[in-house]
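Engineer: What would the 3D arrangement of this be:
(2 chains)
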Amino acid sequence: MRKRIGLIFVMVLLVGLIVSPAYAQTPRIGLIFAEGGLGDQSFNDAAYRGLMQAKDELGVDVVYVEPADIAEMEEHQRAYADLDLDLIIVIGFIHQSALVEVSADYPHINFAIVDDVVDNPNVTSLVFEEHEGSFLVGVLAGLMSETNKVGFVGGMEVPLIRKFEVGFVEGAKYANPNVEVLVNYAGSFGDPGRGRELAVSQNERGADIVYHAAGGTGSGVIDAAVANGFYAIGVDSDQDYMAPGIVLTSMVKRVDTAVFEVIKSVVDGTLEAGVRSFGIEDGGVGTSEFTYTKDLIPEAVFDAIEDARDKIISGEIVVSNPLQ
Amino acid sequence: MQKRIKVTRWQEIATPLAAVVLALLVGSGFILFVGENPLTAYRILFVESFGSIRNLATTLQRATPLMFTGLAVAFGYRAGLFNIGAEGQLYIGAFAAAWVGFTFTGLPRLIHLPLAIVVGMLGGAFWGSIPGYLKAKLGIHEVINTIMLNFIALYLTDWLATGPFHGGSWVPETARVSATAALTRLYPPTRLSTGVFLALAAAFVAYLILWKTKQGYELRAVGLNPQAAEYGGINVAKNTIIAMAISGAFAGLAGTEQILGLHNRFIVRFSADLGFMGVAVALLGKNHPVGVIFAAILFGALQTGSAAMDRLTSVPRELITIIQALIIFFVAAEYLIRRILRMKEEA
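Structural biologist: Next up is the predicted model:
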């Protein structure tokens, strides 16, 4: 009997020894933020939530870094690649040109980029249908505006942000053909002062609802809406709480989901290179929950948004995509 | 007599060293305050900046542009000019070098690389000579003009790199410079390039100009006392323009090195205050080329270490920014430190 227990004990030990390396090896994930960094209550913070969710639920090891400026992106990408991490996620198109080179120099390392496409066999590109989500908040703005003027404040004037603008304009005009959309770009994603300035100027020119797609710059837009008493529409994260009742809704872009999903695919061993798109149908983009503005918005407006959502999914409405 | 000179020289070196030590001491208080262990933080800082050949190479790569901008500020200071415009001169030089790099493709390397370097240098010299001219001819203070010209350079290059010369991607940057205009990498995969030798050569040239030529004698005379220099037959106006042009040339080389050695393209606002850091480097280096080299290496090490700290630990890198600021503060408070040192000597 004793012998048998001893034998089982040895067997268990042996099996444990063979199996343990496979389990002990927790995947190590590195994440490099976009300019603006943590605390933008928008894009980067959404990515951070996804990373922390993966850390808590999947038990992966994570490291992350906030680059001080655009020129530092390449240094961080290379430094993480040198650590032989299992996946390096870079946040934002700002990483694109550096990643084209770095991912080619480190063919054995897996990379993922949010918001842009890098066509290398070791890169997963995570993109969103922002034009469709922006169409929905455009419908809301078009119907809610009393002055028939709404505003759009973009971060940098690049094709990606044009996607938000085009969708918003088309949505507003679809819902209200008489609406005029004022468009301004701040030139940066990290300049709240400039965001505030542009939103105030649009309000003074008659816009009573301003939508921003400007990352950290957008917090200035929301500040301006509070100070001058007009409505704002948030972006990327659910920003409704930043000024309850003032932020009508947010065009939520589930960067957190994208980050979590790509880490999960590393854990599951199903990571694939290529483009992975998140749209209206799978909840990758859409409106927020209207937590603070439910009573403010007429039922007919909610119906119109729901109707537009269905029509986009069925293909009856085709929102222009400036990238195609 | 001999002894007195020795004491002064010792003091010249002792003050910056004392400033660094004091800054690290006071900085450890801040680190404790945010709940981290200062010894761990400093160990990471040191290991990540000097702990291996590879880390040392990264430190030197970070130090190289600071050597140039430090020289730019120090050179101006020796001629009595406070060049706060190194940042702008750097951007103009950088863009000029990048433009040569991506425009004149097909040239042999032997011509293309030197051409890009020279054009970048001249770009900076031109941008520096503008406030020099305004000071010499109209008496407008160079501090005001160099600050204003920084903004002009920044927005001008913003527009050039996102407008007429925008590259293919969404990133606000130009096309890549051709390989024939790129400086050679010394220790891949680090990005240290032969630009570091260029910086050491520039320091040597600055020393030669200032202390071994008639022109340098005139510049220093103007710097020490313009009235006396004028009385002694030195053309102050001419020397002011020359000093600003040479100072700008060093700053232009900083930008040139960053483009040809590091980024291989002009990225909008790539500099991250390298020009302004030059003021701190010159101050810590006592406005002497040799001092500038060592001060630049120290700041390069702090930057390298803090970036790594941010990548690997939860210690916020802003702490290192505080330490940099403390170093500058203590160098500026030289009088105080001298008194402490003297008190010790007397005791």
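
Engineer: contacting residues around the residue of chain B found nearest chain A?
Structural biologist: Relative to chain A, the nearest point of chain B is B:Phe270 (3.8 Å; Cβ to the nearest Cβ). To be clear about C-beta, it is placed using only N, CA and C from the backbone, and glycine gets the same treatment. For B:Phe270, the contacting residues are A:69-71, B:94, B:258, B:263, by Cβ atoms under 8 Å, 6 or more residues apart in numbering or on different chains.

Engineer: Tell me the one among those residues nearest to A:Phe93.
Structural biologist: A:Ile70 (11.1 Å; Cβ to Cβ).

Engineer: pretty sure the closest one contacts B:Val268?
Structural biologist: Yes: with contact defined as Cβ atoms under 8 Å, A:Ile70 counts as touching B:Val268 (7.0 Å).

Engineer: could you list every residue that touches A:Ala253?
Structural biologist: Actually, residue A:253 is Lys rather than Ala. Counted by Cβ under 8 Å, 6+ apart, A:Lys253 has contacts A:43, A:46, A:128, A:130, A:133, A:235-236, A:278, A:284-285.

Engineer: about what we covered before: who touches both of A:Ile70 and B:Val268?
Structural biologist: In contact with both A:Ile70 and B:Val268: B:172-173, using Cβ under 8 Å, 6+ apart.

Engineer: ok, then the element right after the worst-scoring helix or strand of chain A on mean pLDDT?
Structural biologist: The helix or strand of chain A with the poorest confidence is helix A:2-24; it has a mean of 55 (mean pLDDT, DSSP states H and E). Downstream of helix A:2-24, the first helix or strand assigned by DSSP states H and E is strand A:28-32.

Engineer: on contacts alone, who are the packing partners of that next one?
Structural biologist: Judged by 3 or more Cβ pairs under 8 Å, 6 or more residues apart in numbering or on different chains; DSSP states H and E, strand A:28-32 is in contact with helix A:43-58, strand A:61-65, helix A:73-82, strand A:87-91, helix A:255-268.

Engineer: Present these as JSON lines; the columns should include distance to chain B.
Structural biologist: Shown next, in JSON lines, are those (distance: least, Cβ to the nearest Cβ, whole Å):
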{"stretch": "helix A:43-58", "distance to chain B": "13"}
{"stretch": "strand A:61-65", "distance to chain B": "5"}
{"stretch": "helix A:73-82", "distance to chain B": "6"}
{"stretch": "strand A:87-91", "distance to chain B": "11"}
{"stretch": "helix A:255-268", "distance to chain B": "17"}
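
Engineer: Restrict the contacts of B:Phe270 to the buried ones and give me that as a PyMOL selection.
Structural biologist: Restricted to buried positions by 16 or more other Cβ atoms under 10 Å in any protein chain shown, the PyMOL selection for these reads:
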select buried, (chain A and resi 70+71) or (chain B and resi 94+258+263)
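
Engineer: State the distance from A:Ala112 to chain B.
Structural biologist: 17 Å (Cβ to the nearest Cβ, to the nearest Å).

Engineer: for the strand or helix carrying that residue, packing partners?
Structural biologist: Element membership for A:Ala112, per DSSP H and E: strand A:111-114. Using 3+ Cβ pairs under 8 Å, 6+ apart, the elements in contact with strand A:111-114 are strand A:87-91, helix A:96-105, strand A:123-128, helix A:255-268.

Engineer: Give me the residue ranges of the stretch 1-150 of chain A where confidence is low.
Structural biologist: A:1-24 (pLDDT under 70).

Engineer: and the residue lying closest to A:Lys264 once chain neighbours are set aside, what is it in contact with?
Structural biologist: Leaving aside its sequence neighbours, A:Lys264 sits nearest to A:Leu58 (Cβ to Cβ, 6 or more residues apart in numbering or on different chains; 6.3 Å). By Cβ under 8 Å, 6+ apart, the contact set of A:Leu58 is A:27, A:263-264, A:267.

Engineer: How about A:Asp86?
Structural biologist: A:27-29, A:110, A:266.

Engineer: Go again with 6 Å.
Structural biologist: By Cβ atoms under 6 Å, 6 or more residues apart in numbering or on different chains, the residues touching A:Asp86 are A:27-28, A:266.

Engineer: Neighbour-wise, give me the winner out of those residues.
Structural biologist: Most neighbours among the contacts of A:Asp86, by other Cβ atoms under 10 Å in any protein chain shown: A:Val266, with 22 neighbours.

Engineer: In terms of helix, strand or coil, where does the closest residue to chain B within chain A fall?
Structural biologist: Taking Cβ to the nearest Cβ, chain B has its nearest neighbour within chain A at A:Ala71, 3.8 Å off. Using DSSP: H, G, I helix; E, B strand; the rest coil, the structure places A:Ala71 in helix.

Engineer: Near chain A, which residues of the stretch 151-300 of chain B are found?
Structural biologist: Residues of the stretch 151-300 of chain B lying close to chain A (Cβ under 6 Å from any Cβ of the partner chain) are B:169-171, B:267, B:270, B:272.

Engineer: pLDDT added to those residues, as TSV?
Structural biologist: Below are those laid out as TSV (pLDDT from 0 to 100):
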residue	pLDDT
B:Ser169	77
B:Trp170	78
B:Val171	83
B:Ile267	92
B:Phe270	91
B:Ala272	80
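
Engineer: Among those residues, which one sits closest to B:Val331?
Structural biologist: B:Ala272 (21.4 Å).

Engineer: middle-most residue in chain B, spatially?
Structural biologist: The centroid of chain B falls nearest to B:Thr69 when counting by Cα atoms, centre = their mean (2.3 Å).

Engineer: List the buried residues for the helix or strand hosting that residue?
Structural biologist: Assigned by DSSP H and E, B:Thr69 belongs to helix B:53-78. Buried residues in helix B:53-78, counted by 16+ other Cβ under 10 Å: B:55-78.

Engineer: three-state assignment of the residue lying closest to A:Gly218 once chain neighbours are set aside?
Structural biologist: Leaving out its chain neighbours, the residue that sits closest to A:Gly218 by Cβ to Cβ, 6+ apart is A:His212, at 3.7 Å. Three-state assignment for A:His212 (three-state DSSP): strand.

Engineer: check contacts around A:His212.
Structural biologist: A:His212 touches A:153, A:218, A:221, A:235, counting by Cβ under 6 Å, 6+ apart.

Engineer: That one pairs with what?
Structural biologist: A:Val153 (DSSP bridges).

Engineer: Let me see the confidence value for it.
Structural biologist: A:His212 is assigned a pLDDT of 96 by the prediction.

Engineer: Check A:Phe260 too.
Structural biologist: 96.

Engineer: which non-adjacent residue is nearest it?
Structural biologist: A:Gly50 (4.3 Å).

Engineer: Can the helix or strand B:Trp99 falls within be said to contact chain A?
Structural biologist: For B:Trp99, the host element (DSSP H and E) is helix B:86-103. No: judged by Cβ under 6 Å from any Cβ, helix B:86-103 stays clear of chain A, getting no closer than 10.8 Å.

Engineer: Quick check: the gap between the residue nearest to A:Gly218 and B:Thr190.
Structural biologist: 40 Å (Cβ to Cβ, to the nearest Å).

Engineer: Surely B:Asp310 and A:Val65 touch.
Structural biologist: Yes: judged on Cβ atoms under 6 Å, B:Asp310 makes contact with A:Val65 at a distance of 5.0 Å.

Engineer: what's the burial count for residue 283?
Structural biologist: Answering for chain A, as no chain was given. Neighbours of A:Gly283 using other Cβ under 10 Å come to 11.

Engineer: my question was about chain B
Structural biologist: B:Leu283 has 23 nearby residues by other Cβ under 10 Å.

Engineer: next one: the one 3 residues further on
Structural biologist: Using other Cβ under 10 Å as the criterion, B:Lys286 is surrounded by 19 other residues.

Engineer: Is it correct that it falls within a helix?
Structural biologist: No: in this structure, B:Lys286 is coil, not part of a helix, as judged by three-state DSSP.

Engineer: Now do the same contact list for it.
Structural biologist: Contacts of B:Lys286 by Cβ under 6 Å, 6+ apart are B:Glu12.

Engineer: ok, B:Ser314 - how many residues close by?
Structural biologist: 11.

Engineer: Could you look up the SS state of the residue lying closest to it once chain neighbours are set aside?
Structural biologist: Closest residue in space to B:Ser314, ignoring its immediate chain neighbours: B:Glu36 at 7.8 Å, by Cβ to Cβ, 6+ apart. When classified by three-state DSSP, B:Glu36 comes out as coil.

Engineer: Before I go, just wanted to say thanks for your time.
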